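Trainee: my questions are about this predicted structure, shown below with the sequence.
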Amino acid sequence: MINSTQVSYFILSAFFDTVGFKYLYFLLILSLYVFIVCANVLLIVVICVNRSLHEPMYLFLVSLFVNELYGSTGLFPFLLVQILSDIHTVSAPFCFLQIFCLYSYGGREFWILASMSYDRYLAICYPLQYHTRMTSNKIFLLIALTWLYPLLVHILIVFGLTAPLQLCKNIINKVYCDSYSVVKLACSDTSAINIFGLVNIFTVIFGLIILILFSYIRILKVCFSGPRQTRQKALSTCTPHLLSLLNFSFGAFFELIQSRFNMNYLPNMLRIFLSLYWLTCQPLINPLLYGLKMSKIRIVCRNLLVGW
């Protein structure tokens, strides 16, 4: 046990000996990061430069793709450096900065998906009133809320409640910095951050998930009671949103379970994969989901690539 005033860095103990394979892992992670950046930037550019895509749904998609770039940049460059390094340590200030970046990304992802479900709910359930309900001011307010609220909440959690804790250890059993892993190292009272974290999860995150599910239940009800053409059009636009929500919720659920319960009986590689899933698969899958499943984006991308 070390004195709390001496914790100036953390050791990431989940990294294993990669001698002989570290360059292969480096190239694999680098390839994923390059693909994520290129795919998300391409879709952002496609939506921004084409006036036919300047609709609320696509503006929310731009916000989603920007958030994928934000979260990926908080993880992948750090992983690349750690893979090539022989000593897997990180300074305390950078560790808390990474925690803030990754968790604000995760919270924002739920907010954006909720905004998108609300937009689809209005478009499909109230088509004649859609443009009067989804005004420019409301779009701006929703996008501002999705970006500002997670930032403010995680500034409070990370820098107001986690960083001031007195730590008696400095070993994090992850390949990146994790909020709850740091809290478990504390030798001071952690009840405030534990209560605040649970309240945030159950009131905000679960609340958003319930709102999203309610929106899509109403959407599906309208779809199956309408004509076949309307049903097919609605399902083609809603399917990517639902798949994205299920994918991210699945990854976040495993991260939550792994952080709060002892899962040392699992193989190290599996634990690493489960802890990274929510941070890597969403930025990787979303461009494919929306680029391939949404016809307007697919047609514009094809015309753009053919034109080149």
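Mentor: Yep, it's here.

Trainee: what residues are up against Leu289?
Mentor: With contact taken as C-beta atoms under 8 Å, 6 or more residues apart in numbering, Leu289 is in contact with Pro240, Leu243, Ser244. C-betas here are computed from N, CA, C, even on glycine.

Trainee: now do 10 Å
Mentor: Thr239, Pro240, His241, Leu242, Leu243, Ser244, Asn247, Gln282 (C-beta atoms under 10 Å, 6 or more residues apart in numbering).

Trainee: am I right that the fourth one falls within a strand?
Mentor: If I follow you right, that is Leu242. No - under DSSP: H, G, I helix; E, B strand; the rest coil, Leu242 falls outside any strand and is assigned helix.

Trainee: for it, which non-adjacent residue is spatially closest?
Mentor: Tyr216 (6.2 Å; C-beta to C-beta, 6 or more residues apart in numbering).

Trainee: which one of the contacts of Leu289 sits closest to Cys177?
Mentor: Comparing the contacts of Leu289 against Cys177 with C-beta to C-beta places Gln282 closest, at 18.8 Å.

Trainee: and that closest one, which of the three is it?
Mentor: Three-state call for Gln282 (three-state DSSP): helix.

Trainee: same deal with Asn262?
Mentor: Once three-state DSSP is applied, Asn262 turns out coil.

Trainee: for it, what are phi and psi?
Mentor: Backbone geometry at Asn262, expressed as degrees, to the nearest 10, gives phi -70, psi 120.

Trainee: then the one 5 residues further on?
Mentor: Dihedral angles of Pro267 (phi, psi; degrees, to the nearest 10) stand at phi -60, psi 150.

Trainee: that one contacts Phe273, correct?
Mentor: Yes - Pro267 is in contact with Phe273 according to C-beta atoms under 10 Å; the separation is 9.4 Å.

Trainee: between those two, who's got more neighbours?
Mentor: Phe273 (14 against 8; other C-beta atoms under 10 Å).

Trainee: which residues touch the more buried one?
Mentor: Phe254, Leu266, Pro267, Thr280, Cys281.

Trainee: quick one: those as CSV, columns for distance to Ile139 and pLDDT too.
Mentor: Shown next, in CSV, are the contacts of Phe273 (distance: C-beta to C-beta, whole Å; pLDDT from 0 to 100):
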residue, distance to Ile139, pLDDT
Phe254, 33, 83
Leu266, 43, 74
Pro267, 46, 78
Thr280, 29, 92
Cys281, 28, 91
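
Trainee: adding distance to Leu167, write those residues out as a markdown table.
Mentor: Below are the contacts of Phe273 laid out as a markdown table (distance: C-beta to C-beta, whole Å):
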| residue | distance to Leu167 |
| --- | --- |
| Phe254 | 26 |
| Leu266 | 26 |
| Pro267 | 28 |
| Thr280 | 28 |
| Cys281 | 31 |
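
Trainee: looking at the residues you listed, state which has the most neighbours.
Mentor: When neighbours are counted by other C-beta under 10 Å, Thr280 leads those with 20 neighbours.

Trainee: how close does that residue get to Arg271?
Mentor: To Arg271, Thr280 is 14 Å away according to C-beta to C-beta, to the nearest Å.

Trainee: I figured Cys101 hits Leu69, correct?
Mentor: No - Cys101 lies out of contact with Leu69 (C-beta under 10 Å); the separation is 11.7 Å.

Trainee: more neighbours, these two?
Mentor: A count of neighbours by other C-beta under 10 Å puts Cys101 above the other of Cys101 and Leu69, at 19 against 16.

Trainee: mind listing what's buried along whatever helix or strand the more buried one lives in?
Mentor: Taking DSSP states H and E as the criterion, Cys101 maps to helix 92-125. Of the residues in helix 92-125, 92, 95-125 count as buried by neighbour count, 16 or more other C-beta atoms under 10 Å.
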